[in-house]
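1. no sequence on this one, just coordinates:
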């Protein structure tokens, strides 16, 4: 068996410099995201979301980005899930995208807020029927048997039939409003390029940090 300690890969595809990036980190993210889409990366919108309890106990899971603009990054969840409860009590989060084929990471830290009901409603009705019903059926993060989950889904399906169920009041969107965004480009000898944007007095400041 190969020793984990000896697993290595050199990164050398691209470089990242202060002169090549946008002064706006959200624009820079948009450029990189488009390259990830063109690179046919599997689920380029998947990211690791880190939340924490008020006393600092962390948890991380993979979720899907469903929108981004100058205001921040949007994802959706059950408000009563573990992440929902942690965000309610400690509305701060970190997120990391890793696009291995491009040898890139994007790391984000920020404050979290719920998106508007209008925005949540619009996204909910755009989901496939099964996903809309699943949002009602699943008491996310609660203990449940597979049989009970299937029973709940059957009941919800029978209740609404061919009709589109309304958005559950316990389900909707969150927006991470960033105050720090790091763009990481893999480089040889682990001397990776790391360009960081920090929001200070509503203005983005750019710097390079050591790998």
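-> Here it is on my side, so go on. Keep in mind it's a predicted model, so treat the numbers as computed, not measured.
2. What about residue 120, how many residues nearby?
-> 19 (other C-beta atoms under 10 Å). No exception for glycine: its C-beta is placed from N, CA and C like everyone else's.
3. now swap in residue 8 and tell me
-> Using other C-beta under 10 Å, residue 8 has 6 neighbouring residues.
4. what secondary structure does it sit in?
-> Under DSSP: H, G, I helix; E, B strand; the rest coil, the three-state class of residue 8 is coil.
5. cool, residue 105 as well?
-> Secondary structure, three-state DSSP: residue 105 is strand.
6. Identify the bridge partners of the closest residue in space to it that isn't next to it in sequence.
-> Once flanking residues are discounted, residue 105 sits nearest to residue 184: 3.9 Å by C-beta to C-beta, 6 or more residues apart in numbering. Counting by DSSP bridges, residue 184 forms beta bridges with residue 105, residue 194.
7. Now for residue 63: which residues touch it?
-> Contact analysis of residue 63 by C-beta atoms under 8 Å, 6 or more residues apart in numbering lists 46, 47, 49, 75, 77.
8. any idea how far residue 78 is from it?
-> Distance of residue 63 to residue 78, computed by C-beta to C-beta, to the nearest Å: 11 Å.
9. Tell me the one of the contacts of residue 63 nearest residue 32?
-> Each of the contacts of residue 63 was scored against residue 32 by C-beta to C-beta, and residue 47 proved nearest at 12.6 Å.
10. Quick check: nearest residue in space to residue 173, chain neighbours excluded?
-> Among residues not flanking residue 173 along the chain, residue 115 sits closest, at 3.7 Å (C-beta to C-beta, 6+ apart).
11. again, but for residue 81
-> Leaving aside its sequence neighbours, residue 81 sits nearest to residue 140 (C-beta to C-beta, 6+ apart; 3.9 Å).
12. Could you pull out the strands in this structure for me?
-> Counting by DSSP state E, the chain has strands at residues 46-52, 58-64, 67-69, 72-78, 92-99, 104-114, 171-185, 193-200, 203-208.
13. got the buried residues for the fifth one?
-> Same thing as strand 92-99. Neighbour-count burial for strand 92-99, counted by 16 or more other C-beta atoms under 10 Å, picks out 93, 94, 95, 96, 97, 99.
14. For the closest residue to residue 180 other than its chain neighbours, list the residues it contacts.
-> Nearest residue to residue 180, sequence neighbours excluded (C-beta to C-beta, 6+ apart): residue 109, at 4.4 Å. Residues in contact with residue 109 (C-beta under 8 Å, 6+ apart) are 92, 93, 94, 178, 179, 180, 181.
15. want to throw the residues you listed into CSV with distance to residue 153 and pLDDT?
-> Below are those laid out as CSV (distance: C-beta to C-beta, whole Å; pLDDT from 0 to 100):
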residue, distance to residue 153, pLDDT
92, 33, 98
93, 29, 98
94, 33, 98
178, 36, 98
179, 40, 98
180, 40, 98
181, 38, 98
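16. ok, now how distant is residue 100 from residue 166?
-> Applying C-beta to C-beta, the value for residue 100 to residue 166 is 39 Å.
17. now swap in residue 99 and tell me
-> According to C-beta to C-beta, residue 99 and residue 166 sit 36 Å apart.
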